[in-house]
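K.L.:
3D, please:
(chains A and B)
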There are 2 protein chains.
Amino acid sequence: MNVIKSNIYNQLENIVGKKYISKTKELLDMYTKDWSFHAPSLADIIVWPKSAKEISMVLKIANKNKIPVIPWGGGSSLEGNPIPTKGGIVLDMIRMNKVLEIMDRDMQVKVQPGIIGDELNDQLKKYNLFFPAAPGSSAIATIGGMIANNAGGMNAVKYGVVGNSVLELEVVLADGRIIRLGSRSVKSVSGYDLKNLIIGSEGTLGVITTAVLKLSPLPKNKIAIMASFETVKDAVNATLDILKSDCEAAAIEFMDKTYIYYVNKAKITSFPEKPTIIIELHGGADVIAIYLDIIKKILKRNKNISYSEFISPSQLKLLWGYRKAVRPVLSKLLPNRGVLSAEVGVPISKVESFLKKAESLSEKHKLQTVMFGHIGDGNFHGWALYELNNNDSWRRVSMLNDELIKFAISVNGTTTGEHGIGIGKRKFLPVEHPTSLPIMKDIKNLFDPNNILNPGKIFID
Amino acid sequence: MNVIKSNIYNQLENIVGKKYISKTKELLDMYTKDWSFHAPSLADIIVWPKSAKEISMVLKIANKNKIPVIPWGGGSSLEGNPIPTKGGIVLDMIRMNKVLEIMDRDMQVKVQPGIIGDELNDQLKKYNLFFPAAPGSSAIATIGGMIANNAGGMNAVKYGVVGNSVLELEVVLADGRIIRLGSRSVKSVSGYDLKNLIIGSEGTLGVITTAVLKLSPLPKNKIAIMASFETVKDAVNATLDILKSDCEAAAIEFMDKTYIYYVNKAKITSFPEKPTIIIELHGGADVIAIYLDIIKKILKRNKNISYSEFISPSQLKLLWGYRKAVRPVLSKLLPNRGVLSAEVGVPISKVESFLKKAESLSEKHKLQTVMFGHIGDGNFHGWALYELNNNDSWRRVSMLNDELIKFAISVNGTTTGEHGIGIGKRKFLPVEHPTSLPIMKDIKNLFDPNNILNPGKIFID
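P.N.:
Prediction:
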């Protein structure tokens, strides 16, 4: 159906008002792609709803007319998750960006989905609270998008992923029904856990319109240690020893020697170009001092060859600046290269063999790779560089990505630890979950029989 | 259908063998009730399967013939969750009680569902690991039962509930399909989260046949503090302050003055008969010492009137002995009374008003209540005493229970924090979840269209 030529536009305009709907190319162009390499695609209409009720009315019309509806948060996903591949209506949630209720005694907050992660945390600062689960994109990503994709991030080692901090959700279903899931009681076993079914469903089962989140006390102090090793094996063993120790790490990150090479290039530093981990600790100063002692012993036992502490907020900012500097420097140093962002999860004991596999695949396909990730929970990232406008190079980089994912699955890992299935990983869902995929499809069909909610994602049509 | 008279028995015997099936009254009598007050009911057949494959074959026959199938663990649930109210086949999982694989480097274990919680932890001790989530009944409860009911327990404050430690499940569906859910990667967002749909579904969606569990390092030290207060308000404020502090509690328990009165009676102790909390800390000795300082300051600020530390393993055993002594002493002191075990979850800031409500309801209904619970996550228990064989007394105690649950729901709490819906709380599911209950029923129908899996639980027919 040509959505624009039909009277759908007028019906939607009646719901949200003239000011909050558009079909102009200039605006539609802003909703064609996320941060991934996937091909852009144009929607037909953008709607900026202000309430669950408006969304419910929009969905009823869309459902009746079988028009795709794509909820839109910050647009920072990395697997094409919100690309409107089949056109339709983009629901930009930006107007629904309020903090509705701060329950500081219970360390809970009720928010609308359009609020950006960092903005929420700014508002929570005065209560000495924060929403701990945050992807690297928290300056742009919305809470609704984070929940819909069950985002991860560095601090999941201590605080869990986004889904672990969601207590209650209000969701609009494809047929317009508004439902509430979960409870503000931290523990609840009242009926089936539909809340976790919505979390991570990438907008394919419903539109999240409110969330009650569990918060954590803002850590009094943060400190980070950067240490390098001769071998990946030593770095992995140090990580496993820390996880098994009395010391509670907030984050344990890994960077391979190539990553450090680019850090040095980008920041004119001289870190050893060796497998490197960064450990972040949160807490009272006296407890952190004890943890530091434990960590130093563990690092020594695992033969670290360098050690630096980052203590003040400015030092910490510098450190995470190094960590984030590589992607921009790649574009600068290698302007004719594209970057494919790979991402998988493996049991931590398999990290070494995973990185060996990545190395041998890079050699086989004559590609350069930069490997890094959240080693504290086995969630790995890799960038594979390819030549732009070179089909053969793209073919090789895609093969490398596919083989890495298959390897992760073969060692009891997962296709995706935090980016989601989106478009790019649909073909691996049957490989990882051959027995439960039919049930997932049944559930999609139960929630959204006309396949209007973010169609073409998670499942191959 | 009369299951026994039909040829079903022979078909099942062919699957599991003569030795592992029975229809004798003496054995059936052992599977008529759990630890709740709900009426017992007889199954027709007991089967002791040894594998997912056997269970799959049993379910195919049951599904074809529309015979109820009730998975049976330790039988220690408290809401009638496994009572075979409609007869049928009880699947006792006791033969499937093996530890299949210990992945100590990854702090994971693969188990069969019939293994008992404490037995698993005995086997893990030599690896300095343990499965932290454990209900009070962990000496009897099986891991499969704990997962099926998403059991909680005292240590959920630090370690989460049972479901938070489940990484992977193998499940047999009503139609005999064997599916695998989840991943051994700690983080995974690969498709819909069906694992959490099975967790807490009380055996109504599938039969759990294998689980991969996330373990925690065995704490080097444990210490507990018992402190009492003039008012419940002070006890609640102390709890909230501890949760918001740098000190990480493993458990925070509450006992009301009546509870302490019975502790004193039972153990000939002389604890102040006042609102009391117990805080348990886990970790290295030096970190615990720092936490203790923090806790002492918080208690003082909230005007505690007593303080005791329990440090050695024998002291700790004594302390938790006090905590567990009340139920038996009630039976001894009041032999003609029954006990209804109430259980709800509320946001912690609502605990004070919840306990006031309990007090006023006790007066209104002329009943004695004993209130206690996992205050660290707002999960409350209460015992209401009633006269055996006195209909009026039972009516009043039931009304009190109903009103407490409705109050919990009215303050954004939940019908049940850890016992589940079972039989007793089915009528409250529509009160707590009016908008999502239809979807829960749709999902039951999707997984089990013939309603053979633990029928009559969670939903009123």
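K.L.:
could you say what helices and strands whatever helix or strand A:Trp383 lives in packs with?
P.N.:
Assigned by DSSP states H and E, A:Trp383 belongs to strand A:379-387. Counting contacts by 3 or more C-beta pairs under 8 Å, 6 or more residues apart in numbering or on different chains; DSSP states H and E, strand A:379-387 packs against helix A:326-333, strand A:337-345, helix A:351-364, strand A:369-374, helix A:391-410. Where C-beta positions appear, they are placed from N, C-alpha and C, glycine not excepted.
K.L.:
which one of the ones you listed lies closest to B:Gly283?
P.N.:
Evaluated over the helices and strands packed on strand A:379-387, closeness to B:Gly283 peaks at strand A:369-374, with 23.8 Å, by C-beta to C-beta.
K.L.:
Identify all contacting residues around the closest one.
P.N.:
With contacts defined as C-beta atoms under 8 Å, 6 or more residues apart in numbering or on different chains, strand A:369-374 is touched by A:152-154, A:156-157, A:251-256, A:258-259, A:262, A:326, A:330, A:343, A:355, A:358-359, A:361-362, A:379-385, A:400, A:417, B:187.
K.L.:
The strand holding A:Trp383 pairs with which strands, and in what direction?
P.N.:
Sheet pairing for strand A:379-387, assigned by DSSP bridges, gives strand A:337-345 (antiparallel), strand A:369-374 (antiparallel).
K.L.:
between the ones you listed, which one is nearest to A:Ser270?
P.N.:
From those, taking C-beta to C-beta, the stretch that ends up closest is strand A:369-374, at 18.5 Å.
K.L.:
Please work out the angle formed by the directions of that closest one and helix A:391-410.
P.N.:
30 degrees (axes from the mean of the first three to the mean of the last three C-alpha atoms, to 10 degrees).
K.L.:
Serialize the strands paired with strand A:379-387 to TSV and add fields for mean neighbour count.
P.N.:
Listed next are the strands paired with strand A:379-387 as TSV, based on neighbours: other C-beta atoms under 10 Å in any protein chain shown:
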stretch	mean neighbour count
strand A:337-345	23
strand A:369-374	24
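K.L.:
what would those look like in a markdown table with mean pLDDT?
P.N.:
Output for the strands paired with strand A:379-387, formatted as a markdown table (pLDDT from 0 to 100):
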| stretch | mean pLDDT |
| --- | --- |
| strand A:337-345 | 91 |
| strand A:369-374 | 95 |
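K.L.:
Now do the contacts for whichever residue of the stretch 151-300 of chain A sits closest to chain B.
P.N.:
In the stretch 151-300 of chain A, the residue that lies nearest chain B is A:Ser185 (3.1 Å; C-beta to the nearest C-beta). Applying C-beta under 8 Å, 6+ apart to A:Ser185 gives the contacts B:Val344, B:Gly345, B:Val346, B:Pro347, B:Asp377, B:Gly378, B:Asn379, B:Ala408, B:Asn412, B:Gly413, B:Thr414, B:Gly417.
K.L.:
Look at the residue nearest the centre of chain A and give its secondary structure.
P.N.:
Closest to where the C-alpha atoms of chain A average out (C-alpha atoms, centre = their mean) is A:Ala151, at 3.6 Å. Classification of A:Ala151 using DSSP: H, G, I helix; E, B strand; the rest coil returns coil.
K.L.:
same thing with A:Ile298?
P.N.:
Assigned with three-state DSSP, A:Ile298 falls in the helix class.
K.L.:
Without its sequence neighbours, what residue ends up closest to it?
P.N.:
The shortest distance from A:Ile298 to any residue other than its chain neighbours is 4.5 Å, reached at A:Asp241 (C-beta to C-beta, 6 or more residues apart in numbering or on different chains).
K.L.:
wait, A:Val58 sits on A:Leu12?
P.N.:
Yes. The pair A:Val58 and A:Leu12 qualifies as a contact (C-beta atoms under 8 Å) at a distance of 6.1 Å.
K.L.:
Mutual contacts of the two, please.
P.N.:
A:Val47, A:Ile89.
K.L.:
Isn't A:Ala148 up against A:Leu205?
P.N.:
No. Assessed by C-beta under 8 Å, A:Ala148 is found out of contact with A:Leu205, at 9.3 Å.
K.L.:
Could you name every residue contacting both of the two?
P.N.:
A:Ile198.
K.L.:
Settle it for me: which of those two has more neighbours?
P.N.:
Neighbour count, other C-beta atoms under 10 Å in any protein chain shown: between A:Ala148 and A:Leu205, A:Ala148 has more, with 30 against 26.
K.L.:
for the closest residue to the more buried one other than its chain neighbours, what are its contacts?
P.N.:
Computed as C-beta to C-beta, 6+ apart, the closest residue to A:Ala148 that is not its neighbour in sequence is A:Gly203, at 5.1 Å. A:Gly203 sits next to A:Ile70, A:Pro71, A:Asn81, A:Pro82, A:Ala148, A:Leu453, A:Asn454, A:Lys457 when contact means C-beta under 8 Å, 6+ apart.
K.L.:
Recalculate using a threshold of 7 Å.
P.N.:
A:Ile70, A:Pro71, A:Pro82, A:Ala148, A:Leu453, A:Asn454 (C-beta atoms under 7 Å, 6 or more residues apart in numbering or on different chains).
K.L.:
cool, A:Gly456 as well?
P.N.:
Counted by C-beta under 7 Å, 6+ apart, A:Gly456 has contacts A:Thr85, A:Lys86.
K.L.:
So for it, what pLDDT did the model give?
P.N.:
Note for A:Gly456: predicted pLDDT of 97.
K.L.:
if we can go back for a sec, distance to A:Arg395 added to the strands paired with strand A:379-387, as CSV?
P.N.:
As requested, those are exported to CSV (distance: least, C-beta to C-beta, whole Å):
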stretch, distance to A:Arg395
strand A:337-345, 12
strand A:369-374, 16
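K.L.:
got the residue ranges for the helices in the stretch 51-200 of chain A?
P.N.:
A:52-65, A:117-124, A:143-148, A:156-159, A:195-198 (DSSP state H, counting those that start in this stretch).
K.L.:
hmm, who's touching the last one?
P.N.:
Put plainly, it is helix A:195-198. Residues outside helix A:195-198 that contact it (C-beta under 7 Å, 6+ apart) are A:163, A:166, A:169, A:171, A:181-182, A:205-206, A:208, B:192-193, B:196-197.
K.L.:
let's see it at 8 Å
P.N.:
Residues contacting helix A:195-198 (C-beta under 8 Å, 6+ apart): A:147-148, A:163, A:166, A:168-169, A:171, A:181-182, A:205-206, A:208, A:443, B:192-194, B:196-197.
K.L.:
same check, this time on the first one
P.N.:
When contacts are defined by C-beta under 8 Å, 6+ apart, helix A:52-65 is touched by residues A:1, A:6, A:8, A:11-12, A:15-16, A:47, A:49, A:67-69, A:88-89, A:91, A:170, A:172-178, A:207, A:209-210, A:450, A:452.
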